[in-house]
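>>> No sequence on hand, only this structure:
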């Protein structure tokens, strides 16, 4: 009796068959959930480094795609062209075979002989020097002064900024035509109206043609220089300028002893680049006159440029390429040491801001 009562109590505690089935199914589902949770945990752990690797790979691909165009352009149009130009300086052109052949140092000797014996090269060097020193002694001070006036936000500063920057945005050919028309037609008309005097076209008179081209170069060069100088001035520490105001310094003193010395690295860049322009600058001579400019207006850059390209923009002769390439090597051999020396002297003995 007692045993049957104990069995009945145990059966009641365990539940019926359905209850036991439900418990077994529940335990099975619980075991399955635990296994799924453990499996998902194991899957999630390596995802973080995988995501980091993917992000790094995407950043690398973006950098490669971003740099592909400029690097390719530099390799082809800078290193490739210049390397080919160096090789070309030691070759000559055979018109019968329509190809280049190795000639050693012949072109270099011819260029040196030509530079020291041809009187036309003396005129070209003199004109190049005039252009360089006008740019150095006239254009640069004017650019600095106008940039300072714009920086100080004088009345109509925005208007001057736009007007002076326009030549840097408009096509140089269009500007040359507008300028030439204004000089050749408006200036004579104005002289006749105001002074009752008839003058010839300034761009066609030998005594005024070269200076007309120089003035055009000064006008068109204002834009880029103005933006760079004004940008350098805008980065000056406001505390330094405020300290100068508290000390009672005037605009001239601030410009000469604070602003110019503090933006002198930018000025140094213009000075160093201008040295190379002595050998390569041909101003607007080609735009105004094509390859037919008067010989008393030639510069070194204009002469060697027109040796290769004629007035229509076509190639003059493949035979002129080797000598032009040799001239480039000679000018580089002269210009590079001077440029490095000037850069060193400017950095060592350049002015420092007094504050």
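Everything's here; your move. Model, not experiment: these values are computed from the prediction.
>>> And for residue 114, nearest residue in space, chain neighbours not counted?
Counting by C-beta to C-beta, 6 or more residues apart in numbering, residue 114 lies nearest to residue 121, which is 6.7 Å off, once chain neighbours are set aside. Every residue, glycine included, has its C-beta placed from N, CA and C.
>>> Pull out the buried positions in the strand or helix carrying that neighbour.
Of the helices and strands defined by DSSP states H and E, residue 121 is found in helix 119-134. Judged by neighbour count using 16 or more other C-beta atoms under 10 Å, the buried positions of helix 119-134 are 121, 123, 124, 125, 127, 128, 131, 132, 134.
>>> Where does the prediction get shaky in the stretch 101-250 of the chain?
In the prediction, the stretch 101-250 of the chain carries no residues with pLDDT under 70.
>>> where along the stretch 151-300 of the chain do the helices fall?
Here the stretch 151-300 of the chain has its helices, by DSSP state H, counting those that start in this stretch, at 157-169, 172-181, 187-195, 206-220, 222-234, 238-247, 251-254, 260-262, 264-280, 285-289, 300-308.
>>> Next, format those helices as JSON lines and append mean neighbour count and distance to residue 82.
Listed next are these as JSON lines, based on neighbours: other C-beta atoms under 10 Å; distance: least, C-beta to C-beta, whole Å:
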{"stretch": "helix 157-169", "mean neighbour count": "14", "distance to residue 82": "26"}
{"stretch": "helix 172-181", "mean neighbour count": "14", "distance to residue 82": "24"}
{"stretch": "helix 187-195", "mean neighbour count": "12", "distance to residue 82": "42"}
{"stretch": "helix 206-220", "mean neighbour count": "17", "distance to residue 82": "26"}
{"stretch": "helix 222-234", "mean neighbour count": "19", "distance to residue 82": "24"}
{"stretch": "helix 238-247", "mean neighbour count": "12", "distance to residue 82": "42"}
{"stretch": "helix 251-254", "mean neighbour count": "13", "distance to residue 82": "43"}
{"stretch": "helix 260-262", "mean neighbour count": "18", "distance to residue 82": "35"}
{"stretch": "helix 264-280", "mean neighbour count": "17", "distance to residue 82": "13"}
{"stretch": "helix 285-289", "mean neighbour count": "21", "distance to residue 82": "22"}
{"stretch": "helix 300-308", "mean neighbour count": "20", "distance to residue 82": "15"}
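>>> out of the ones you listed, which comes closest to residue 346?
helix 264-280 (4.7 Å; C-beta to C-beta).
>>> Who are the packing partners of that closest one?
helix 119-134, helix 140-151, helix 222-234, helix 300-308, helix 321-349 (3 or more C-beta pairs under 8 Å, 6 or more residues apart in numbering; DSSP states H and E).
>>> Can you check what angle separates the longest one from helix 300-308?
Here the directions of helix 321-349 and helix 300-308 differ by 160 degrees (axes from the mean of the first three to the mean of the last three C-alpha atoms, to 10 degrees).
>>> Number the residues from 143 up from this point.
Let's use 143 as the start, then, which means that last one is helix 463-491.
>>> quick one: buried residues of helix 463-491?
463-474, 477, 481, 488.
>>> Quick one: work out the angle between it and helix 406-422.
Per the same axes, to 10 degrees, the angle that helix 463-491 makes with helix 406-422 is 160 degrees.
>>> How about the most centrally placed residue in the chain, nearest residue that isn't a chain neighbour?
By C-alpha atoms, centre = their mean, the chain has its centre lying nearest to residue 366, at 10.7 Å. Leaving out its chain neighbours, the residue that sits closest to residue 366 by C-beta to C-beta, 6+ apart is residue 310, at 5.1 Å.
>>> Test my guess that that neighbour contacts residue 361.
No: using C-beta atoms under 8 Å, residue 310 makes no contact with residue 361, being 10.8 Å away.
>>> Relative to residue 325, how far out is the residue nearest to residue 257 when sequence neighbours are not counted?
In this structure, residue 257 finds its nearest non-sequential neighbour in residue 263, 5.2 Å apart by C-beta to C-beta, 6+ apart. Residue 263 sits 29 Å away from residue 325, going by C-beta to C-beta, to the nearest Å.
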